[in-house]
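K.L.:
Show me how the following folds:
(3 chains)
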Amino acid sequence: MNITIDHILAGISIGGQYALIGIGYTMVYGILRLINFAHGDLFMIAGLIMVYASASLPFYISIPLVLIATVILGILIEKTAYKPLRSAPRMSVMISAIGVSYLLQNLALYITGGLPQVYPSIPWISNSVSIFGSTTKIVTLITPVIVIVLVVVLVLLIHKTKMGMAMRAVSKDFETSQLMGVKINNVIMYTFIIGSFLAAVGSLLYFSNYQSVIPTSGAMPGLKAFVAAVFGGIGSVPGVVVGAFIIGICENLIKSSTELSIFSDAFTFALLIVILCVKPTGLFGEKTQDKV
Amino acid sequence: MFKTNKNSLSTGKKAFRVADLIVILVIIALFIIADLFLPSYDIKAKILQKGAVFALIAVSMNLLNGFTGLFSLGQAGFMLLGAYTYAIFTIPTLENRVAVYKYYTTTAADGTVRGGLVQFALPIGIAIVLAGLVAAVFAFLIGLPILRLKSDYLAIATLGFAEIVRAICQWKGLGTLTNGSNQLRMYPYFKSILPYFLISFGCIALIALLINSTYGRAFKAIRDDEVAAEAMGINLAKHKMISFVISSFFAGVGGALFAMYQNTIQAKPFTTTLTYEILLIVVIGGIGSISGSIIASFLYISCSEWWLRFLDTDTVIPGVTRNGFRLVVFSVVIMIIVLFFRRGIMGDREFSTKRIYDWAKNLGKKTKGAGK
Amino acid sequence: MNNVLRLENITMQFGGVVAVDNFSMEVNEGEIVALIGPNGAGKTTAFNAITGVYEPTNGAIYFHDKLIIENYPKGKMKKLYAGSNRGKYTKSVVKTPDKITKLGMARTFQNIRLFKSMTVFENVITAKHLRRKSNLLTATLHLNFAEEKRMRRETMELLKLVGLEDVKDSMATSLPYGMQRKLEIARALATEPTLLLLDEPAAGMNPQETIELTEFINFIRKEFDLTILLIEHHMNLVMDISDRVYVIDFGKEIAQGVPAEVQANQKVIDAYLGASEEDE
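P.N.:
Numbering: from 1, shown residues only, chains lettered A, B, ... in the order given. Below is the predicted model:
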């Protein structure tokens, strides 16, 4: 293994991006008990929107446009594909999420014609900089900072605002919260807004680094972000952040070895299986007993 | 009186059971005719072959997800294990092996070059069974820790397992066995339709027999209410494992057939998307219906390989229909089915001529009444 | 008289909540014993501990004088344990519900848990799977026709005995509530138990149905040579049918004895006063 500063910085950076995507997964699961398989593909679509928007619009318009469009798309998906199935068995909603994921990937394939799209270089964050003796892009350095700032804001939101309390209540007990007058639809919409927004930010950072968008760009980061959520304790925001950084760093350490690099993806899944067998509720999760 | 279950064969009149049998014989006859008269490169022949393979895999997935209620997304992994097992153990001559494993050859002291680790070839039949067994063994090993997980977690764990298998099969370290990320080829395959049909439907028949046995009832009980099933003396761990292992065995066999259909295989395309497609076939056909999975499989393959191809051509709606449009239409149709026709084509019931007769009779009654 | 079921100092604690507190009980062969108490007293929790659904925090359970469950607080529970007999049970023996059913204990549920996708007949014959002699191979290849025939015959006999043979092909969930309860009991009987646990069998029934249920329970006790332990709120049913009654409140036993004694017991009256008792 040749562990270099490059790898560690890359690991922290990608970890931060996984965290931004993963928060969407963990919050939606906490409230709806739904694994939103389409979330990773939403992230990819955000990347595509940026590619097309920045072709004709200046950055100070296209960046907000991407954020807004992604949020709208996230809400749209919730209203058309998940809301109608809210009273259906859990498998049905998950199959619906899989269907949406399939649809988004095929849409992307159709629109792009199968050719990888080149992501625009956003000024300043795409510039190279030299640090600790290695060259990297600025985006790699600011990602962890942005992530931590956003997470702190989010945690404050969850604990200090009325909507945040509503979200916590719903994730503890869906039905009772409804009976207590919590407007479920608003809570769910709010959750998807936050998740989609963070995924859009994540896509700005991720694709500034990787620079190429293909229809399957979202699948693997999405899955890994989900593993981070499970690892940290599904439903816990700090948990997914910790999990994401761990996964990002370990993944890049493995990539630094030439023989084992093919396992960089598999490592994440092996970690998943281990945590599910040892402590399924994750690092920060709570144990619940089912009533018979 | 109360709503009855028209599934139980005991309620079918004898005439209809004979009619069901005739339908099955007609289908067999159609396959034989197709086999004799269609050249093997004809698109219809290809669809019949691929449809048969996917029918088996869909039924195996339905056994696990639809009949036992275990939401598993690992089918692609077991297919891959079966496909690779078959290919690795059937490449016929040593020269072929050297050609296939050209990046993983070893040169012995006396100068002979060996391609890859395995230096013998098994007969096709045995290799197919071995393919299933290898998948079954892996299923047993992975099932021990993960089958007790709740449904959402089981889905992700099996999905993760499939990805791990895919990575292992591409790993250079095992290259002498798996040929790393290169294709496996030059193994024997069936050219005509009939072998695919016979093997696939033979396996499906076995699965159907299992589901109609006392074990099948135990599986359905687990699906309906695990707690009650356990209280009625059904050992959850044991029965879930039986369902998982058998489902994976047949997914492995299906994988071997798939390898034959493709003539060459690689690990890379066995992604979770493949599992999703199988899951969607199962949903379209009806979760809990074997005949539904078979029908949906042929429908799906026909649409994706043949019928809707015109949607990919520039001529139909210029500017709109081009490459990739077919898949978009397809995905939308699937979403419509998932949202509005959740029970799929067959719901949880099986095909029977009696039901068609009843349905036609009801239609007749309605039009008669309207005519008055 | 033979002892069928014996609970010794069973405690069931969830985190900080003690649902069942040092509860001991005996059920003898052929008896009908009732476990009563206000809502939330811990009755169903006790059932779940007996049938192996929950692992009791502490205590031992004997079935036909054989130890089937014995446990002591472990891990986090060691610190939280509120009981006093921690050291008494040192082994850990917990059988899973299916093994306990195999030993001869069957149960019904407070919220009826029938197999929704199955007919009446299928619900009952599924419970026959437990006593199979065939293995996976012979069953799959349908070589076990003698056994299948026996299972079908026994299921039909059972359905006839309980009066459900006319609706045998109806979907289980399409039956009226009273018949669904009967079906659940029939299904439990199909496992050939020696001890039957009924969790609020008369819940949701009107007085007429409750009388029929009383007769039914007496009938099956004789017909199948059963010992019965039941949880109930309908006092008429309890007093009519039980040989002995245990009363618990907040997880602790507050009285036990024959129905007449318990009815007159002041502690029992106090426990129920205030809790509005709806005679359904």
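
K.L.:
quick check: domain ranges of chain C?
P.N.:
Domain assignment for chain C by automatic domain parsing gives C:1-104+C:193-280, C:111-192.

K.L.:
Distance from the chain centre to the shortest one, please.
P.N.:
Distance, stretch centre to chain centre, for domain C:111-192: 19 Å (CA atoms, centre = their mean, to the nearest Å).

K.L.:
next one: stretch B:85-102
P.N.:
For stretch B:85-102, the distance to the chain centre is 26 Å (CA atoms, centre = their mean).

K.L.:
do the same with stretch B:75-94
P.N.:
Relative to the centre of its chain, stretch B:75-94 is centred 16 Å away, using CA atoms, centre = their mean.

K.L.:
Strands of the stretch 201-350 of chain B, start to end?
P.N.:
For the stretch 201-350 of chain B, applying DSSP state E, counting those that start in this stretch gives no strands.

K.L.:
Kindly report the residues of it close to chain C.
P.N.:
B:206, B:209-210, B:212-215, B:217-218, B:220-221, B:223-225, B:227-236, B:242, B:288, B:348 (CB under 8 Å from any CB of the partner chain). To be clear about C-beta, it is placed using only N, CA and C from the backbone, and glycine gets the same treatment.

K.L.:
Restricted to helices, list those residues.
P.N.:
Secondary structure from DSSP state H places B:206, B:209-210, B:214-215, B:217-218, B:220-221, B:223-224, B:227-231, B:236, B:242 of those in helices.

K.L.:
Of those residues, grab the buried ones for PyMOL.
P.N.:
Command for PyMOL that selects the buried part of these, burial taken from 16 or more other CB atoms under 10 Å in any protein chain shown:
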select buried, chain B and resi 206+210+214+215+217+218+220+221+223+224+228+229+230+231+236+242
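
K.L.:
Contacts only, for the closest residue in space to residue A:123 that isn't next to it in sequence.
P.N.:
The shortest distance from residue A:123 to any non-neighbouring residue, by CB to CB, 6 or more residues apart in numbering or on different chains, is to residue A:59 (6.7 Å). Under the criterion of CB atoms under 8 Å, 6 or more residues apart in numbering or on different chains, the neighbours of residue A:59 are A:120, A:122-123.

K.L.:
circling back to that earlier point, out of the residues of the stretch 201-350 of chain B next to chain C, which touch chain A?
P.N.:
Applying CB under 8 Å from any CB to those, one finds that residue B:227 fall near chain A.

K.L.:
Quick one: list the elements packing against the helix or strand that residue A:42 is a member of.
P.N.:
Following DSSP states H and E, one finds residue A:42 within helix A:39-56. Packing contacts for helix A:39-56, counted by 3 or more CB pairs under 8 Å, 6 or more residues apart in numbering or on different chains; DSSP states H and E, involve helix A:5-32, helix A:59-77, helix A:90-112, strand A:117-118, helix A:184-210, strand A:212-213, helix A:219-232.

K.L.:
ok so, going back, now the contacts of residue A:59 in a markdown table, with neighbour count?
P.N.:
Formatted as a markdown table, the contacts of residue A:59 follow (neighbours: other CB atoms under 10 Å in any protein chain shown):
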| residue | neighbour count |
| --- | --- |
| A:120 | 18 |
| A:122 | 19 |
| A:123 | 8 |
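
K.L.:
out of those residues, who's nearest chain B?
P.N.:
Set against chain B, the nearest of those by CB to the nearest CB is residue A:120 (23.3 Å).

K.L.:
excluding its backbone neighbours, what's nearest residue 77?
P.N.:
Because you didn't say which chain, this covers chain A. That would be residue A:100: by CB to CB, 6+ apart, it lies 5.7 Å from residue A:77.

K.L.:
Wait, chain C was what I had in mind.
P.N.:
Using CB to CB, 6+ apart, the closest residue to residue C:77 is residue C:57 (5.8 Å).

K.L.:
mind listing which of the contacts of residue A:59 are in strands?
P.N.:
Judged by DSSP state E, strands contain none of these.

K.L.:
Residue 38: neighbouring residues, count only.
P.N.:
This is for chain A. 27 (other CB atoms under 10 Å in any protein chain shown).

K.L.:
that's the other chain; I wanted chain C
P.N.:
Neighbours of residue C:38 using other CB under 10 Å come to 18.

K.L.:
Quick check: pLDDT value at it.
P.N.:
We have a pLDDT of 86 for residue C:38.

K.L.:
cool, and residue A:258?
P.N.:
In this prediction, residue A:258 has a pLDDT value of 69.

K.L.:
Of the domains of chain C, which shows the lowest average pLDDT?
P.N.:
domain C:1-104+C:193-280 (a mean of 87).

K.L.:
In the stretch 51-200 of chain C, which residue sits nearest chain B?
P.N.:
Closest point on the stretch 51-200 of chain C to chain B, by CB to the nearest CB, is residue C:130, at 3.0 Å.

K.L.:
got the contact list for that residue?
P.N.:
B:232-234, C:98, C:101-102, C:191.

K.L.:
With distance to residue B:194 and neighbour count as new columns, can these be given to me in JSON lines?
P.N.:
Putting the contacts of residue C:130 into JSON lines (distance: CB to CB, whole Å; neighbours: other CB atoms under 10 Å in any protein chain shown) gives the following:
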{"residue": "B:232", "distance to residue B:194": "44", "neighbour count": "28"}
{"residue": "B:233", "distance to residue B:194": "44", "neighbour count": "27"}
{"residue": "B:234", "distance to residue B:194": "39", "neighbour count": "25"}
{"residue": "C:98", "distance to residue B:194": "44", "neighbour count": "22"}
{"residue": "C:101", "distance to residue B:194": "48", "neighbour count": "26"}
{"residue": "C:102", "distance to residue B:194": "47", "neighbour count": "17"}
{"residue": "C:191", "distance to residue B:194": "47", "neighbour count": "23"}
